[in-house]
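with the sequence up front, the predicted model follows.
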Amino acid sequence: MTALIASLVFWIAAWGANIWLANSRWRETRLVRIAVPVLFGVTLLVLWEGVVRGLGVSPVILPAPSLVAQTFAASLETLLIDVEQTVIKGALRGFVIGAIAAFLCAIVIDRSAFLTRGLLPIGNFFAALPIVGVAPIMVNWFGFDWQSKAAVVVVMVFFPILVNTVQGLKASDAMQRDLMRTYAASYVQTLVKLRLPAAMPFVFNGLKIATTLALIGAIVAEYFGSPTRGMGFRISTGVGSLSIDLVWAEIAVAALVGTSAYGVMAWIERRVTFWHPSHRNSQ
């Protein structure tokens, strides 16, 4: 019970510190913008630790963050092998293949009004397919190794990127396109110099959505067949053997990888679309 009381006291103190930082004259500085969410996250971990220890919750139900950290450190080699299998081989390769295919298909669709009216509704239909239905089929087609996971990721990321890119290619207004025709610009010149730059905010919106979908797809696909490695395989076997601390360690790794990948994509977006009003206003 002492641990629970101590965690509650820390939570109240951290809450007050966050309110003070949010209302201080330094609230717009980069340091404070980083400190507020970090302090909030630390507070949640401390409260989690206090509740588990103070109420005597079984590790099988909910392990304490300290136990998860110990398992994380002790299983680092295993976690790295799982990251290589799931993230590098499955999610990353599937993301790259799906993104390239979606981008090229969007350009082809943009050239044809028939394809725009015909394929996009079909794309929305396929985008709504549940992953638990797609994953077993891909495992049956491509086997138990990373190829089937990459195929699932391709299916998941293809249509969000496709739909956003097609919409982005329509972002330039008629006056801008008429100006390019006045300069006798070809379709390729108009595409490269006007329409693609204008479409970049939409493209990156699709890429950021696909970044999180790729990792989710690769992990879930491993539930339906995988070699003896991978994050989804480890989570499935960990639940079966009641190694819940290892399961939470894998979840922590997935959260770190997903957050990092999204952050990298957002950083690239800011560098590419620095001209967009949303980025100019946030600086």
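Looks like it arrived, so ask away. Numbering: from 1, shown residues only.

distance of residue 133 from residue 152?
11 Å (CB to CB, to the nearest Å). Where C-beta positions appear, they are placed from N, C-alpha and C, glycine not excepted.

for these two, indicate the residue with more neighbours.
It is residue 152, of residue 133 and residue 152, that has more neighbours when counted by other CB atoms under 10 Å, with 31 against 8.

didn't that one look like it was pressed against residue 217?
Yes - at 4.8 Å, residue 152 and residue 217 qualify as touching, with contact defined as CB atoms under 8 Å.

residue 191 against residue 107, yeah?
Yes - the criterion here is CB under 8 Å, and residue 191 meets it with residue 107 at 7.4 Å.

have a look at the two and say which one is more surrounded.
Using other CB under 10 Å, the more surrounded residue of residue 191 and residue 107 is residue 191, with 18 against 14.

could you check the pLDDT of the residue of the chain positioned farthest from its centre?
Distance to the chain centre peaks in the chain at residue 182, reaching 42.1 Å (criterion: CA atoms, centre = their mean). Turning to residue 182, the model gives it a pLDDT of 76.

dump the residue contacts of it.
Going by CB atoms under 8 Å, 6 or more residues apart in numbering, residue 182 touches no other residue.

between residue 152 and residue 217, what contacts are shared?
Joint contacts of residue 152 and residue 217 (CB under 8 Å, 6+ apart) are 94, 131, 135.

most surrounded residue in these?
Most crowded among these, counting by other CB under 10 Å, is residue 94 at 29 neighbours.

what residue lies at the spatial centre of this structure?
Short answer for the chain (CA atoms, centre = their mean): residue 212, at 2.0 Å.

what's the closest non-adjacent residue to it?
In space, and not counting its chain neighbours, residue 212 is closest to residue 258: 5.7 Å by CB to CB, 6 or more residues apart in numbering.

quickly find the element holding the one you found.
Residue 258 is part of helix 244-272 when elements are defined by DSSP states H and E.

same thing with residue 164?
Counting by DSSP H and E, residue 164 is part of helix 146-168.

for residue 60, helix, strand, or coil?
State at residue 60, reduced to three classes by DSSP: H, G, I helix; E, B strand; the rest coil: coil.

my guess is it contacts residue 242. True?
Yes - assessed by CB under 8 Å, residue 60 is found in contact with residue 242 at 5.3 Å.

need the helices for the stretch 101-250 of the chain, in chain order.
Per DSSP state H, counting those that start in this stretch, the stretch 101-250 of the chain carries helices over the ranges 113-127, 131-142, 146-168, 174-182, 187-190, 196-221, 231-240, 244-272.

return the distance of residue 71 relative to residue 98.
Using CB to CB, residue 71 is found at 33 Å from residue 98.

quick check on the two: which one has the bigger neighbour count.
Taking other CB under 10 Å, residue 71 and residue 98 do not tie; residue 98 has more neighbours (27 against 24).

give me the element the more buried one is part of.
If you go by DSSP H and E, residue 98 is part of helix 93-110.

what comes into contact with that helix?
By CB under 8 Å, 6+ apart, the residues outside helix 93-110 that reach it are 115-116, 119-120, 146, 149-159, 161-162, 165-166, 169-170, 191, 203, 206-207, 210-211, 214, 217-218.

now do residue 192 against residue 162, distance only.
20 Å.

and if you look at residue 224?
Distance, residue 224 to residue 162, by CB to CB: 25 Å.

okay, those two: which has more neighbours?
residue 162 (26 against 21).

show me where pLDDT drops low in this structure?
Where the chain drops to pLDDT under 70, the residues are 1, 113-114, 116, 118, 120, 123-124, 126-127, 174, 178, 276-283.

wouldn't residue 40 be in contact with residue 19 here?
No - using CB under 8 Å, residue 40 makes no contact with residue 19, being 11.3 Å away.
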